[in-house]
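Undergrad: Here you go, sequence then predicted model.
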Amino acid sequence: MDVKKFLGLVLTIAIIGQVNVQAGTGEHPMIQQQPSAEFDKIKALAGKWQGTMIEKDQEPMPAEVEYKLTSGGSAVVEVLSPNSPHEMHSIYFNQNGKLAMTHYCMLGNRPMLALKPSESGEINLDLDPSSGIDVATEPHMHGLKIRQPEPDHVIQEWTYYENGQVGGTTTFD
């Protein structure tokens, strides 16, 4: 290898190394999101929560829900029933200044939910038509209502659809 090629290779390695060093320092500016009071409420839930789950007309069962901030605080990962066969993940985020969520369901689909008008103290999310879910034929989670009556108490009501209509509600308390 001649000296010019060798020096060119060294320079290329040095530039790539500098780019990689800069990328690892967090010097890239985050995209500024419009604030969302509802997203801030979800972020405040970070941690592990224990309580009960009631599905349709069944007896209450022990339940656990975990919330974790991720992606520089721009998203919250919710894990329902962690480390169980029924574990499911939801990702909450701001979309154009409004809370949105994608639910990765054990039914094998991923409904996207969008913020709907809510009563004071509630967060209501409903199926976003852009989810690609055929409401008439595909069983899916269609809506979620979140209430926090006290700082250490969260209630989630998940509405399930089947054959184009409400098939039941699962409540995490």
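TA: Cool, got the structure.
Undergrad: CA atoms for contacts and neighbours, from now on please.
TA: Noted.
Undergrad: Quick check: the gap between the most centrally placed residue in the chain and residue 115.
TA: By CA atoms, centre = their mean, the chain has its centre lying nearest to residue 91, at 1.0 Å. Distance of residue 91 to residue 115, computed by CA to CA, to the nearest Å: 14 Å.
Undergrad: Next: residue 144.
TA: 10 Å.
Undergrad: got it, and residue 56?
TA: 24 Å.
Undergrad: more neighbours, the two?
TA: Higher neighbour count among residue 56 and residue 115: residue 115, with 20 against 14, using other CA atoms under 10 Å.
Undergrad: wouldn't residue 38 be in contact with residue 100 here?
TA: No. Here residue 38 does not reach residue 100: they are 9.4 Å apart, not a contact under CA atoms under 8 Å.
Undergrad: What does residue 41 show for phi and psi?
TA: Backbone torsions of residue 41, given as degrees, to the nearest 10, read phi -70, psi -40.
Undergrad: pLDDT wise, what is it at?
TA: pLDDT, residue 41: 94.
Undergrad: From residue 62, how far off is it?
TA: For residue 41, the distance to residue 62 - CA to CA - is 24 Å.
Undergrad: and if you look at residue 130?
TA: For residue 130, the distance to residue 62 - CA to CA - is 34 Å.
Undergrad: do the same with residue 162
TA: In terms of CA to CA, residue 162 sits 25 Å off from residue 62.
Undergrad: Which of these two has more residues huddled nearby?
TA: residue 162 (16 against 12).
Undergrad: Help me confirm that the more buried one comes into contact with residue 138.
TA: Yes. Using CA under 8 Å, residue 162 makes contact with residue 138 at a distance of 6.6 Å.
Undergrad: looking at it, residue 64 is touching residue 47, isn't it?
TA: No. Taking contacts as CA under 8 Å, residue 64 lies outside contact range of residue 47: 10.6 Å.
Undergrad: more crowded one of these two?
TA: More crowded of residue 64 and residue 47, by other CA under 10 Å: residue 64, with 18 against 12.
Undergrad: what's near enough to touch the residue lying closest to the more buried one once chain neighbours are set aside?
TA: The shortest distance from residue 64 to any residue other than its chain neighbours is 4.5 Å, reached at residue 50 (CA to CA, 6 or more residues apart in numbering). Residues counted as contacts of residue 50 (CA atoms under 8 Å, 6 or more residues apart in numbering) are 62, 63, 64, 65.
Undergrad: give the contact list for residue 46.
TA: 66, 67, 68, 69.
Undergrad: a strand runs through residue 38, doesn't it?
TA: No. If the criterion is DSSP: H, G, I helix; E, B strand; the rest coil, then residue 38 is helix and not within a strand.
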